[in-house]
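Colleague: fold the following, please.
(chains A and B)
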Amino acid sequence: MEKEKITRELFDQFAQVGEVELTEAEAESILAKLNDQLTVIDQLSGIPLDPDMPAVVHGNPYPVEIQIPLREDVWTPFDNVEGILAQAPRTQDGYIVAPDVPHQKLS
Amino acid sequence: MTNLTHLTALEQAKLIRDREISAAELLDATLKQVAKVDGRPGSVDGVETEQDLEKVHAFITMTEAQARAKAADVDRRIAAGEPVGPLAGVPYSAKDVFCTKGIQTTAAAKILNGWKPPYNATVIDRMDKTDAVLFGKVNLDEFTFGGSNETTAFKPTVRNPWDYTRVPGGSSGGSAAAVAADEGAISLGTDTGGSIREPAAFTGTVGLKPTYGRVSRYGVIPFASSMDTIGPLTRSVSDAALVMREIAGADPRDGVTGRVAVEDYLAELEKGVKGMRIGISPDYLKITHINDDGEYASAPIDEDVLAKMERAVAIFRALGAEIIDDVPMKNTKYSVPAYFVISRIEAYSNLQRYDGLRFGMPTKRETADMYDLYYKTRGEGFGYQTKLRLLTGLFVSQEKYYEKYYRRAEQARGLLRADFDRAFDPNGKYRLDVLLTPSTPSPAFEFGGATAKDSLLMQFADQFTSPMNFAGTPGISFPAGLSKDGLPVGLQAAGYDYSEAKILRAAYAFEQATADEDWRSVKPMALR
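Modeller: Residues are numbered from 1 along each chain as shown, chains lettered A, B, ... in the order given. Below you'll find the model as predicted:
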């Protein structure tokens, strides 16, 4: 199987989607490392697997007998709202103030 | 005069209960030890100087005021004859990923510098119920991303108390270094691919990674949620058993914890290993890597590590254990690529909460809108390794790669798990109680590995530990001697689901059998 290679153009798009600003030096270095890592990741293609084998999301089983019962879907107030708001960059009347979310009017 | 800080937690707790020392005295001695060996705490504007190179630097934040209040409360209750918990007055530290109400919790990431959680992690509350005294938060690899502590944004970097030119391991490197340097007998760590066991091996300490779901992760900053576990680093197996007994158990706030009875791990220790079936696997006695032709190839592990393994086998056999050779764990080699994919995808997902609004210090630059705020804040607040892992996770989680990468990695996880199912099947061919492996392929390596071109090689330090994170099974790293260079070597007793009592017994039996050996009296550089 041909090895995937990430171009700089594609990489820049990923940095935008991942919402992470990079310096030019970081971008060059991370792009090179990412392409190196794909060599390792691509080894997954070579593992002999039965196509019907299920994907395993957790290693050890979690049968219903040991599961934590789901709690009632009831709203309960948090006892330290001030503690949350104290960490927010800006607040107003108990709300966290966020910058504008850009949007476009649908024509 | 007794060196209070070198005692085990059990010994310290007994002295306090017996009123031979007070909790305040022990806390004083511990803080003095930190002042003596630790040097400057890590900070985001810290620049390493020559003077920093001969100190441990395990800590980011000291919680002296809260610790003094807790110690005074313990002393008052003991004086009044009131009941106290089993770790009353024993100072402990926690990796800086455990949320502590009103106390800075950073994950060693610049973006969380100064963040004060509004609540405690469940394990912090449980330790508080034991009346242990939290006196500081320790350094780690940023967001736990690394195996050497070099990726921390809080400098100076933690140094190995045995040899300051070597890494302490990671990501729980601050925990391991603190315990090895007598800065507290207990530290809480986390383990997603070996982050408790590898630093324990590198620093001559005991590190217990429990079964996935055995200990609540509520309030612990996550790395890869399908593999994250929490456990203690200590200087003795008994201390690890005691802490695990106290922090284990189901928690309604962590939906993967299991309602499985918690054993009295401490009481179980004395049962020994007579009749225990201890397996050795050839797949854990070599490194499997991918060569330049893209093929799997084998490389030998460090000869000192191999020699300690052989010696431990002889000791266990002499103690009456039945040694089962040639246990196949043939899918171990797939752990590296599968771990890469699963851990990066889960890390990418978990990193989305740090955006300067929900969590994290926002940029001070002008921002056009919310997305610009996210973009600049994360650019400034994330370190190199975090950006690399985030972008790797984003890339391989594209829908078009689901079949090629993610699904195959999850299937490979099934193969790794099947290795454990076969080896520990009570009706199977091997019927193991314990699988004995090296904790790491080599002793602690020198600084520089994380930024070197071959940073992939660092993943091999996890090759004997990450399969247990895939399988969800427990493992304990315990000291097994010193290399020719005087560096600690750790071995791992790995078990099946919820078999913490058995692996602790094996580690304890080895500890007792070697208690009088010369290497046990050799002190780390930081204590000489």
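Colleague: any stretches of the chain with poor pLDDT?
Modeller: Since no chain was named, I'll use chain A. A:1-3, A:107 (pLDDT under 70).
Colleague: sorry, I should have been clearer: chain B.
Modeller: B:1, B:449-459.
Colleague: where does the stretch 1-150 of chain B get nearest to chain A, residue-wise?
Modeller: Nearest to chain A in the stretch 1-150 of chain B, going by CB to the nearest CB, is B:Pro118, at a distance of 2.9 Å. From N, CA and C alone the C-beta is placed, and that goes for glycine too.
Colleague: nearest residue to that residue other than its sequence neighbours?
Modeller: A:Gly83 (2.9 Å; CB to CB, 6 or more residues apart in numbering or on different chains).
Colleague: spit out the contact partners of that neighbour.
Modeller: By CB atoms under 8 Å, 6 or more residues apart in numbering or on different chains, the residues touching A:Gly83 are B:Lys101, B:Gly102, B:Lys116, B:Pro117, B:Pro118, B:Tyr119.
Colleague: and the furthest pair within those residues?
Modeller: Largest separation among the contacts of A:Gly83 by CB to CB: B:Lys116 and B:Tyr119, giving 10.5 Å.
Colleague: shared neighbours, the two?
Modeller: Taking CB under 8 Å, 6+ apart as the criterion, B:Lys116 and B:Tyr119 both touch A:Gly83, B:Lys101.
Colleague: more neighbours: which of those two?
Modeller: B:Tyr119 (19 against 15; other CB atoms under 10 Å in any protein chain shown).
Colleague: state the distance from B:Ser175 to A:Leu49.
Modeller: Distance, B:Ser175 to A:Leu49, using CB to CB, to the nearest Å: 37 Å.
Colleague: thinking again about what came up before, tell me how far the residue nearest to B:Pro118 lies from B:Tyr119.
Modeller: 7 Å.
Colleague: give me the common contacts of these two.
Modeller: Counting by CB under 8 Å, 6+ apart, the residues touching both A:Gly83 and B:Tyr119 are B:Lys101.
Colleague: which parts of chain A are strands?
Modeller: A:91-92, A:95-96 (DSSP state E).
Colleague: just to revisit the earlier point, who's more crowded, B:Ser175 and A:Leu49?
Modeller: Using other CB under 10 Å as the criterion, B:Ser175 and A:Leu49 rank with B:Ser175 on top: 39 against 16.
Colleague: close to chain A: what parts of the stretch 151-300 of chain B are there?
Modeller: Within the stretch 151-300 of chain B, the residues that sit near chain A (CB under 8 Å from any CB of the partner chain) are B:211-213, B:226-227, B:250-252, B:254-260, B:290, B:294, B:296.
Colleague: is stretch B:421-441 positioned near chain A?
Modeller: No. Stretch B:421-441 is not in contact with chain A by CB under 8 Å from any CB; minimum separation 9.9 Å.
Colleague: quick one, what contacts B:Ala506?
Modeller: Taking CB under 8 Å, 6+ apart, we find B:Ala506 in contact with B:Val273, B:Met276, B:Ile278, B:Phe316, B:Ala321, B:Asp433, B:Val434, B:Leu436, B:Ile476, B:Ala493.
Colleague: how many neighbours does B:Pro232 have?
Modeller: When neighbours are counted by other CB under 10 Å, B:Pro232 comes out with 33.
Colleague: check which helix or strand it maps to.
Modeller: For B:Pro232, the enclosing helix or strand under DSSP states H and E is strand B:229-234.
Colleague: who touches that strand?
Modeller: Contacts of strand B:229-234 from elsewhere in the structure, counted by CB under 8 Å, 6+ apart, are B:8-9, B:123, B:172, B:175-176, B:179, B:185-192, B:196, B:199-200, B:205-212, B:214-217, B:220, B:239-240, B:243-244, B:247, B:469.
Colleague: next helix or strand past it?
Modeller: Once the chain leaves strand B:229-234, the next helix or strand it forms, by DSSP H and E, is helix B:237-247.
Colleague: can I get the next helix or strand after that following helix in PDB, CA atoms only?
Modeller: Note on helix B:237-247: by DSSP H and E, the next helix or strand toward the C-terminus is helix B:265-268. Extracted C-alpha coordinates of helix B:265-268, given in PDB (Å, rounded to 0.1, in the frame of the first residue of the first chain):
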ATOM      1  CA  TYR B 265      -4.400  -5.500  49.600                       C
ATOM      2  CA  LEU B 266      -2.200  -4.900  52.600                       C
ATOM      3  CA  ALA B 267      -3.500  -7.900  54.500                       C
ATOM      4  CA  GLU B 268      -3.000 -10.100  51.400                       C
END
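Colleague: which strands border whichever helix or strand comes after helix B:265-268, and is each parallel or antiparallel?
Modeller: Remark: after helix B:265-268, the chain's next helix or strand is strand B:277-280, criterion DSSP H and E. In the sheet, strand B:277-280 lines up against strand B:322-324 (parallel), strand B:434-438 (parallel) (DSSP bridges).
Colleague: figure out how far the helix or strand that strand B:277-280 is followed by is from the centre of its chain.
Modeller: As assigned by DSSP H and E, the chain's next helix or strand after strand B:277-280 is strand B:286-290. In terms of CA atoms, centre = their mean, to the nearest Å, the centre of strand B:286-290 is found 23 Å from the chain centre.
Colleague: so which elements touch the very next helix or strand once past strand B:286-290?
Modeller: Counting by DSSP H and E, the next helix or strand C-terminal to strand B:286-290 is strand B:296-300. Strand B:296-300 sits against strand B:286-290, with contacts defined as 3 or more CB pairs under 8 Å, 6 or more residues apart in numbering or on different chains; DSSP states H and E.
Colleague: angle of the strand it packs on against strand B:296-300?
Modeller: On the basis of axes from the mean of the first three to the mean of the last three CA atoms, to 10 degrees, strand B:286-290 is oriented at 150 degrees to strand B:296-300.
Colleague: which residues does stretch B:412-419 contact?
Modeller: A:44, A:47, A:49, A:53-56, A:59-60, B:328-332, B:334-335, B:337-338, B:342, B:467, B:470-472.
Colleague: which secondary structure element is home to the nearest residue in space to B:Ala88 that is not next to it in sequence?
Modeller: Nearest in space to B:Ala88, with sequence neighbours left out and distances taken as CB to CB, 6+ apart, is B:Asp131 at 3.8 Å. Under DSSP H and E, no helix or strand contains B:Asp131.
Colleague: so what's B:Asp131 up against?
Modeller: B:Asp131 sits next to B:Lys70, B:Val74, B:Val84, B:Gly85, B:Pro86, B:Leu87, B:Ala88, B:Gly89 when contact means CB under 8 Å, 6+ apart.
Colleague: most widely separated two among these?
Modeller: Greatest spacing in the contacts of B:Asp131, by CB to CB: B:Lys70 and B:Pro86 (15.0 Å).
Colleague: where exactly do the helices run in chain A?
Modeller: Secondary structure of chain A by DSSP state H: the helices cover A:8-17, A:24-41, A:81-85.
Colleague: the nearest residue to A:Asp100 once chain neighbours are set aside: how many residues sit nearby?
Modeller: Among residues not flanking A:Asp100 along the chain, B:Asp369 sits closest, at 4.9 Å (CB to CB, 6+ apart). As a burial measure, B:Asp369 scores 14 neighbours (other CB under 10 Å).
Colleague: A:His103 is in contact with B:Asp369, correct?
Modeller: No. Applying CB atoms under 8 Å, one finds B:Asp369 not in contact with A:His103, separated by 9.5 Å.
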